[in-house]
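K.L.:
Quick one: sequence and predicted model below, then my questions.
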Amino acid sequence: MSRSLELPEQVYEGLQKAAAAAGRSMAEWIADRLADASSRVHPGTSSGGELSELSAQVEQLRKELRDSYTNRAIIYWFLYDELRRALGSEQAEALMGQAIYRRGEQKGKELYRRFAPNDLAKLREAFVGRLPDRGRLFQPELLRADADALDIKFHACPLREAWQEMELSDTDAAALCRIASRVDYGTFQGAGFRFWADAWQPGGEGCCFLHIRPGDTDP
């Protein structure tokens with residue numbers, strides 16, 4: 001049975017930070033806390049069955065995390081489809097992209113602005129460390145990571161995978177990928193870095209290719 005839990009944004013962000021600091025995914029971090037609590041209440045009673053149960057809980061949390069991305073992908077599609085019917089594809093993409101950019105801007109200022117304009121090493125550590133499920137969902141590859149540039153290629157994306165499962169056309173999937181990538185533009189530009197992304201295109205491998213460069217001035 002699948003269950004979901006609504007969390008305040010501040011609580012969710014706190015869980016992400018704690019998990020990243022421990023080098024664990026959110027699901028694994030929560031499972032660790034459950035195991036610690038169980039051992040305190042029932043010291044010395046750990047068994048193979050309990051470990052199996054915890055493992056099952058981790059897998060369930062992992063499934064619920066992916067389900068949340070699938071839900072987000074479906075919402076994006078419905079919003080885009082309704083807007084383009086009313087306003088046309090170009091205006092629909094522009095409006096959705098701007099709204100998503102604004103959310104990214106909020107995140108960038110809150111999470112990464114302290115690394116601007118040029119601490120790409122700390123930015124990489126913080127950003128990659130926050131990727132859901134220790135990067136399993138996006139499968140990041142660092143293609144360049146030095147003082148002058150940070151290039152990260154995502155070899156998977158749960159949003160694009162959901163759109164493929166919905167059997168959307170390549171044209172629609174590509175438009176949605178461009179829209180979704182606006183959160184990254186907002187995140188890194190809002191933090192004070194120069195940024196651009198190569199969003200997925202039909203026939204392409206994986207998903208977005210992120211390019212981050214030092215900002216021009218202090219934010």
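P.N.:
It's in. Numbering: from 1, shown residues only.

K.L.:
Tell me who's in contact with residue 165.
P.N.:
By C-beta atoms under 8 Å, 6 or more residues apart in numbering, no residues touch residue 165. The C-beta positions use only the backbone N, C-alpha and C, and glycine is treated the same way.

K.L.:
repeat for residue 207
P.N.:
By C-beta under 8 Å, 6+ apart, the neighbours of residue 207 are 138, 154-157, 160, 177, 199-200.

K.L.:
which SS state does residue 216 fall under?
P.N.:
The three-state assignment at residue 216 reads coil, by DSSP: H, G, I helix; E, B strand; the rest coil.

K.L.:
Please apply the same query to residue 138.
P.N.:
Residue 138 is classified as coil under three-state DSSP.

K.L.:
Can you go through the contacts of residue 207 and name the buried ones?
P.N.:
Those of the contacts of residue 207 that meet the buried threshold are 138, 154, 157, 160, 177, 199-200, by 16 or more other C-beta atoms under 10 Å.

K.L.:
Can you lay out the residues you listed as TSV showing distance to residue 75 and secondary structure?
P.N.:
Listed next are the buried ones among the contacts of residue 207 as TSV, based on distance: C-beta to C-beta, whole Å; DSSP: H, G, I helix; E, B strand; the rest coil:
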residue	distance to residue 75	secondary structure
138	19	coil
154	21	strand
157	16	coil
160	15	helix
177	15	helix
199	19	coil
200	19	coil
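
K.L.:
any chance of those residues in a markdown table, plus distance to residue 117 and pLDDT?
P.N.:
Formatted as a markdown table, the buried ones among the contacts of residue 207 follow (distance: C-beta to C-beta, whole Å; pLDDT from 0 to 100):
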| residue | distance to residue 117 | pLDDT |
| --- | --- | --- |
| 138 | 26 | 96 |
| 154 | 24 | 97 |
| 157 | 28 | 96 |
| 160 | 31 | 97 |
| 177 | 28 | 98 |
| 199 | 25 | 97 |
| 200 | 29 | 96 |
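
K.L.:
okay, the residues you listed in CSV with distance to residue 56 next?
P.N.:
Formatted as CSV, these follow (distance: C-beta to C-beta, whole Å):
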residue, distance to residue 56
138, 24
154, 28
157, 26
160, 28
177, 33
199, 36
200, 33
